[in-house]
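**Student:** can't give you the sequence, but here's the structure:
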């Protein structure tokens, strides 16, 4: 069974640099694109960072370019989102997603809340 579990969210000061983790089970990074998305209530879901199964960058929303970086740890089957220079407008629920190369099936984690406030 495929499962994604995010962690690392919470209250962050403006300018902070937290890292979110997504522990994946039941999938292989070799045949899944892995990505991070965020959603603010009432607004559309945004892709903030992603890597294809062959580690090409996926197109992210312009507002996070140069500040958010995704990485994979194959030994831990975990994906990370390193965020820097956080702003109040980065406040959102952050979700991890696995997209199968073979079936096109999406699997989503439950999300982790990130609140940027002083």
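**Tutor:** Alright, I've got the coordinates. Source: prediction; values computed, not measured.
**Student:** give me the number of residues near residue 77?
**Tutor:** 15 (other C-beta atoms under 10 Å). In short, each C-beta sits where N, CA and C put it, glycine included.
**Student:** middle-most residue in the chain, spatially?
**Tutor:** Nearest to the geometric centre of the chain sits residue 36, at 2.3 Å (C-alpha atoms, centre = their mean).
**Student:** Quick check: that one touching residue 80?
**Tutor:** No. Counting by C-beta atoms under 8 Å, residue 36 does not reach residue 80; the two are 9.1 Å apart.
**Student:** any residues in contact with both of the two?
**Tutor:** Residues touching both residue 36 and residue 80 by C-beta atoms under 8 Å, 6 or more residues apart in numbering: 20, 22, 70.
**Student:** Who wins on neighbours among those?
**Tutor:** That'd be residue 22 among the shared contacts of residue 36 and residue 80, by other C-beta under 10 Å, with 26 neighbours.
**Student:** how near is that one to residue 85?
**Tutor:** 21 Å (C-beta to C-beta, to the nearest Å).
**Student:** Kindly report the same for residue 36.
**Tutor:** Separation of residue 36 from residue 85 (C-beta to C-beta): 16 Å.
**Student:** Check residue 13 too.
**Tutor:** 11 Å.
**Student:** What is the nearest of the shared contacts of residue 36 and residue 80 to residue 116?
**Tutor:** Checking the shared contacts of residue 36 and residue 80 against residue 116 by C-beta to C-beta gives residue 20 as the nearest, at 13.1 Å.
**Student:** Now stretch 73-87: buried residues?
**Tutor:** Buried residues in stretch 73-87, counted by 16 or more other C-beta atoms under 10 Å: 78-81, 83, 86.
**Student:** hang on, I meant stretch 54-66
**Tutor:** For stretch 54-66, the neighbour count (16+ other C-beta under 10 Å) marks 58, 60, 64 as buried.
**Student:** now these as a markdown table including pLDDT and secondary structure?
**Tutor:** Output for these, formatted as a markdown table (pLDDT from 0 to 100; DSSP: H, G, I helix; E, B strand; the rest coil):
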| residue | pLDDT | secondary structure |
| --- | --- | --- |
| 58 | 96 | coil |
| 60 | 95 | coil |
| 64 | 97 | helix |
